[in-house]
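K.L.:
one predicted model, sequence on top.
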Amino acid sequence: MIMTSLVPSFAALADETRLSIVEQLMDHGELPAGDLVRGKGMSGAAISRHLKVLRQAGLVQQRVQGTRRIYSIQPEGLRAIADWTISKRQFWETSLDRLGDLLEQETSWPI
């Protein structure tokens, strides 16, 4: 996967409110927009702008139920982030192994 395709996702999640919305949807499943406003201390219009960014980044989806907008996680968007993170696992494991080796060598040096 090309990293540039993940830039909108990471940019969207860099905002504390948007990350909070994603976490709320992950924890509780589908929620109407009104429920996402509660406890955020902002207007419905402000939440709508955040939801638009998340939709454009492919992280949430919207469906209409009467006069309500119901939001849920877009699994493919979060899967792309997870896949990218997992693909970098070898880098982190190798780096941590090298750090462990250096620390082990340092503790074995005579004082």
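P.N.:
On my side now, so go ahead. Numbering: from 1, shown residues only.

K.L.:
what residue is smack in the middle of the chain?
P.N.:
What sits nearest the mean C-alpha location of the chain, by Cα atoms, centre = their mean, is Leu13, with 5.0 Å.

K.L.:
skipping its backbone neighbours, what lies nearest that residue in space?
P.N.:
Nearest residue to Leu13, sequence neighbours excluded (Cβ to Cβ, 6 or more residues apart in numbering): Leu19, at 5.1 Å. Placement of C-beta: from N, CA and C, glycine included.

K.L.:
number of nearby residues for that neighbour?
P.N.:
15 (other Cβ atoms under 10 Å).

K.L.:
for the one 4 residues further on, same thing?
P.N.:
Applying the criterion other Cβ under 10 Å, we find 12 residues in the vicinity of Glu23.

K.L.:
which other residues reach the helix or strand where it lies?
P.N.:
Using DSSP states H and E, Glu23 sits in helix 16-28. Applying Cβ atoms under 8 Å, 6 or more residues apart in numbering, the contact partners of helix 16-28 are 12-13, 31, 36, 40, 42, 47, 50-51, 53-54, 59-60, 71-73, 78.

K.L.:
buried subset of those?
P.N.:
Buried members of these, scored by 16 or more other Cβ atoms under 10 Å, are 12-13, 31, 36, 47, 50-51, 53-54, 59-60, 71, 73, 78.
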